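Asks: I'd like to go over a predicted model; first the sequence, then the structure.
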Amino acid sequence: MIIKSLVSSIAIACAVFGAAIPAAHAAECSGTIRVLAQPRDGLTLLEQYKDEFTKLSGGADFQIDYLNENDRRAKTKADASTIGKYNVYYIDEANVALFASSGWVAPLLDYYPKDYDYADFDPGRQKVATYDGKVWFAPLTGGGDLMVYRKDLLEAAGIQPPKTLDEYVAAVEKLNQPDKGIYGTALRGQRGSGANVWRWMPFFKGFGGSWFDGKTPAFDSEAAVKATETYLRIFKSSAPGSQTGGWDEAVGAFTSGQVAMLIESTPLVGMALDKKSSQVADKIGYLPPPTPLTGGGYGHGLAIGTKANADDAAKQCAGLFIGWATSKENEQRRLDEGQFSELNRTSVMTSDKFAELYGPDLGQALADTGKVTAVNFWQSPQWPDLGDRWGIILEELITGTRTDVKEGLDELDGFAKDLVARSQ
Amino acid sequence: MKAKHILPAVFVTPAMAILAVLALVPTVYAIVISFQDRELSRPDGQFIGLVNYLSLFSDRRFINAIQVSLTWEVLTVGLTLLIAIGLGILLFECATPKTRNILSLLFLVPVILPRVSAAFVWKFAFHPLYGIITYPYKAITGQPLDLLSNPLTALATVALVDVWQWGLFFSVIVLKLLETLPPQPFEAARLDHARTWEVYAYVALPMLKAPLISLAFVKMIESLRAFDLIYVMTRGGPGISTETLDMYAFSQGFIESGRISYASSMAVLMMIATSVAFTFLWKRARI
């Protein structure tokens, strides 16, 4: 309550000058803008320039509280639905529909200063930040998928980088040599709509699956069975630890040199190319995912909370913070620091500096994968609920506590029907 | 005389008032919303009677969570007491007073560590590719050992960490309890040619019955609050094989569904079940 009144009352002047913010960035915000986020190098870097924001905003400060991804999701949901003490929430493609339809966040473009040029963001990221025709967050990270492979291992085995899923499966199985400490791939087995389900969805969509037909569940199909069976088959060549692991385990296994190839979200490339953290920096190649797989389009970013920002003035200040945090200037700083996964703006990713740092091949691969990137999940407030439930069933299938794929899908079908009924 | 009656009330009232605010209000609120259909995304809710409670009994995850919670209680309480008594006796019998003091200090370290930190350290130690615990197995057999991904071993592996934290701590308590016992019964037993194990089984431990039962109760309550340890190490997986009741309730309330009424009905059932079970056990124990 104190924070609410602090931000809103001190920001009264913003109401007066609100309309002028986009043009001149001259604001009269003060107090502390509280942000709930998950750890990102880009946000940590931002904290070094607090004085710049204070000057820009006319006196406001900001404080970022960090929680890891799953905890951040739980905490933002709990906070936004109850006391709402945060002015800015870090949200993502999986929960944007829930936050928007529940009225927990405000339409971003109503308060995002025009000078900061929202249209410059990568179109794919803009797409996942949009729900019900309105934009809800400004991207901090995002992208699609890339197939990343060890050139040395493929050459030694006489394998060409796969272009189709059949070639990919055959290559993974051939390259899987546990006795030599090399595993064919690393998938995500850990339950969760943003974990194992995220990696499974390109197979499901690639085989022609769809989640719903209107309000009727349509996923209990041949496409889902085939996708799951293929996923489980590839899992037999996946690195140990990945059966209950997520992004961290998959990326860790690859960058430590124990995995031949994998399909992962695009930030993997930046991490694999970073010699400080990768043992395979000089040995990797990258291509779009093999056909018919779709890329998993995703985006995380900052949104304006409605409860802590009770009036327009406070929302303007939160919008100003988000505009500044995601500005071209700050993104350029991230590029200078080599924070590949924190880049979202077309102008930065097509810059000479980007080409100089990462080479022309990566730019081309990103452009190519953009063509197959899709929104694979069900864009609904109920998505986290449905996706997490499928995540549990999928983890049971991966770890062998369940063996019947169809039975698992039938169970999910019943759950989905109940979910739809509850929401009406 | 009147002042004698008023004074205790004066001292007790502020504490009771704070307790009422901190414990009673959320408890009553949880009971009330457990009869509603409230979700985080919908601030309004309607009373739906016993629907949430009835739904629980056809929910396979809830049934599984009861089984996992019971297994967890038996495993962690049993092993902790076993290790505590075994180690305590071993220290009392074999170690010099100086060695006992040094070891006691070392045995206190695990329980002082924040639970989440301990969980992260052990999770990494059990990692099949980089873990120090699994490394010897991999070196000998050439095969990775993935204990946390195996439904048969995951719960026991997490329980091992819990026992490491509390078993060593309790062994120090048992040692200190043994040191407080009078020496005469021990001498009398030995004069009657009792063997060492008989001295402890028939003399020392029966004398320590009351504090040992208290320790068991403390551990039972502590084991019910092992959410952080399990959450960090397995997140309830593989599948739902380590998903305890509190974890499932939290999952339904805040991670997956936002079904706070449904989650509250689980919390209320847990509260009733533990109150009944603890009262029954306490009376049966007859200290």
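Replies: Cool, got the structure. Numbering: from 1, shown residues only, chains lettered A, B, ... in the order given.

Asks: Give me the residues contacting the host helix or strand of A:Gln63.
Replies: If you go by DSSP states H and E, A:Gln63 is part of strand A:61-66. Contact with strand A:61-66 is made by A:30-39, A:43, A:46-47, A:50, A:53-54, A:72, A:86, A:321, as judged by Cβ atoms under 8 Å, 6 or more residues apart in numbering or on different chains. Every C-beta, even on glycine, is put in place using the N, C-alpha and C of the backbone.

Asks: Just the buried ones from the residues you listed?
Replies: Buried by 16 or more other Cβ atoms under 10 Å in any protein chain shown: A:30-31, A:33-38, A:43, A:46, A:53, A:72, A:86, A:321, out of the contacts of strand A:61-66.

Asks: Need the residues you listed in TSV (columns: secondary structure).
Replies: Output for these, formatted as TSV (DSSP: H, G, I helix; E, B strand; the rest coil):
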residue	secondary structure
A:Ser30	coil
A:Gly31	coil
A:Ile33	strand
A:Arg34	strand
A:Val35	strand
A:Leu36	strand
A:Ala37	strand
A:Gln38	coil
A:Leu43	helix
A:Leu46	helix
A:Phe53	helix
A:Arg72	helix
A:Tyr86	coil
A:Phe321	helix
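
Asks: tell me which of the residues you listed is nearest to A:Lys134?
Replies: Nearest to A:Lys134 among the buried ones among the contacts of strand A:61-66: A:Phe321, at 19.6 Å, using Cβ to Cβ.

Asks: Enumerate the residues of the stretch 151-300 of chain A near chain B.
Replies: Residues of the stretch 151-300 of chain A found near chain B (Cβ under 8 Å from any Cβ of the partner chain) are A:178-179, A:189-191, A:239-241, A:243-244, A:253, A:256, A:258.

Asks: Sorry, slip of the keys, the one I care about is the stretch 1-150 of chain A.
Replies: When proximity is defined by Cβ under 8 Å from any Cβ, the stretch 1-150 of chain A lies next to chain B at A:Asn70, A:Arg73, A:Ala74, A:Lys75, A:Lys77, A:Ala78, A:Ser81, A:Thr82, A:Leu98, A:Ser101, A:Ser102.

Asks: let's go with 10 Å and repeat that
Replies: Contact residues (Cβ under 10 Å from any Cβ of the partner chain) of the stretch 1-150 of chain A with chain B: A:70-71, A:73-78, A:80-82, A:98-99, A:101-104.

Asks: Inside strands: which ones of those residues?
Replies: Among the residues of the stretch 1-150 of chain A next to chain B, no member falls in strands (DSSP state E).

Asks: and the nearest residue to B:Asp162 once chain neighbours are set aside, what does it touch?
Replies: Distances taken as Cβ to Cβ, 6 or more residues apart in numbering or on different chains put B:Thr76 closest to B:Asp162, at 4.9 Å, once the chain neighbours are dropped. Residues near B:Thr76 by Cβ atoms under 10 Å, 6 or more residues apart in numbering or on different chains: B:155, B:158-163, B:165-167, B:219-220, B:222-224, B:226, B:229.

Asks: Distance check, B:Thr76 against chain A.
Replies: Separation of B:Thr76 from chain A (Cβ to the nearest Cβ, to the nearest Å) stands at 21 Å.

Asks: how about stretch A:63-78: buried residues?
Replies: Neighbour-count burial for stretch A:63-78, with 16+ other Cβ under 10 Å as criterion, is recorded at A:Ile64, A:Leu67, A:Glu69, A:Asn70, A:Arg72, A:Arg73, A:Ala74, A:Lys75, A:Thr76, A:Lys77, A:Ala78.

Asks: Next up, the contacts around the closest residue in space to the last one that isn't next to it in sequence.
Replies: Distance criterion Cβ to Cβ, 6+ apart; nearest residue to A:Ala78, sequence neighbours excluded, is B:Phe254 at 5.3 Å. By Cβ under 10 Å, 6+ apart, B:Phe254 lies in contact with A:Asp71, A:Arg73, A:Ala74, A:Lys75, A:Thr76, A:Lys77, A:Ala78, A:Ser81, B:Leu40, B:Ile260, B:Ala263.

Asks: do the same with A:Lys283
Replies: Neighbouring residues of A:Lys283 by Cβ under 10 Å, 6+ apart: A:Tyr149, A:Arg150, A:Lys151, A:Asp152, A:Leu153, A:Leu154, A:Glu155, A:Gly257, A:Ala272.

Asks: number of nearby residues for the closest residue in space to the fifth one that isn't next to it in sequence?
Replies: Nearest-residue entry for A:Leu153: A:Ala260, 4.8 Å, with adjacent residues in sequence omitted and distances by Cβ to Cβ, 6+ apart. By the criterion of other Cβ atoms under 10 Å in any protein chain shown, A:Ala260 has 26 neighbours.

Asks: gap between A:Ala260 and chain B?
Replies: 15 Å.

Asks: Now stretch B:220-230: buried residues?
Replies: In terms of neighbour count (16+ other Cβ under 10 Å), stretch B:220-230 has its buried residues at B:Met220, B:Glu222, B:Ser223, B:Leu224, B:Ala226, B:Leu229, B:Ile230.

Asks: of those residues, closest to A:Glu396?
Replies: B:Ile230 (17.2 Å).

Asks: So chain A: which segments form each domain?
Replies: As assigned by automatic domain parsing, chain A contains the domains A:2-142+A:298-349, A:145-296+A:368-423.

Asks: Pass me the low-pLDDT residue ranges in chain B, would you?
Replies: Along chain B, the model assigns pLDDT under 70 to residues B:1-4, B:286-287.

Asks: okay, which residue is most central for it?
Replies: B:Ser223 (1.0 Å; Cα atoms, centre = their mean).

Asks: Give me the secondary structure label for the closest residue to that residue other than its chain neighbours.
Replies: Excluding the flanking residues, the one nearest B:Ser223 by Cβ to Cβ, 6+ apart is B:Thr76, at 4.6 Å. With three-state DSSP as the basis, B:Thr76 sits in helix.

Asks: ok, B:Thr76 to B:Pro151 distance?
Replies: B:Thr76 sits 18 Å away from B:Pro151, going by Cβ to Cβ, to the nearest Å.

Asks: what does A:Gly58 give?
Replies: Separation of A:Gly58 from B:Pro151 (Cβ to Cβ): 57 Å.

Asks: what's the answer for B:Val199, then?
Replies: Counting by Cβ to Cβ - B:Val199 and B:Pro151 are separated by 43 Å.

Asks: Next, the buried residues of the helix or strand hosting A:Asp248.
Replies: Under the criterion of DSSP H and E, A:Asp248 resides in helix A:247-255. Counting neighbours by 16+ other Cβ under 10 Å, one finds that the buried residues in helix A:247-255 are A:Trp247, A:Glu249, A:Ala250, A:Val251, A:Gly252, A:Ala253, A:Phe254, A:Thr255.

Asks: Thought A:Glu69 was touching the first one, still the case?
Replies: Right, A:Trp247. Yes - counting by Cβ atoms under 10 Å, A:Trp247 touches A:Glu69, with 8.5 Å between them.

Asks: one step back: what would the buried residues of stretch A:63-78 look like in TSV with pLDDT?
Replies: As requested, those are exported to TSV (pLDDT from 0 to 100):
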residue	pLDDT
A:Ile64	97
A:Leu67	93
A:Glu69	83
A:Asn70	78
A:Arg72	92
A:Arg73	88
A:Ala74	87
A:Lys75	92
A:Thr76	94
A:Lys77	90
A:Ala78	90
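
Asks: Show only the entries of these found in helices.
Replies: Assigned to helices by DSSP state H, the following of the buried residues of stretch A:63-78 qualify: A:Glu69, A:Asn70, A:Arg72, A:Arg73, A:Ala74, A:Lys75, A:Thr76, A:Lys77, A:Ala78.

Asks: what sits against the fifth one?
Replies: Taking Cβ under 10 Å, 6+ apart as the criterion, A:Ala74 is in contact with A:Leu67, B:Phe250, B:Ser251, B:Gly253, B:Phe254, B:Ile255, B:Glu256, B:Gly258.
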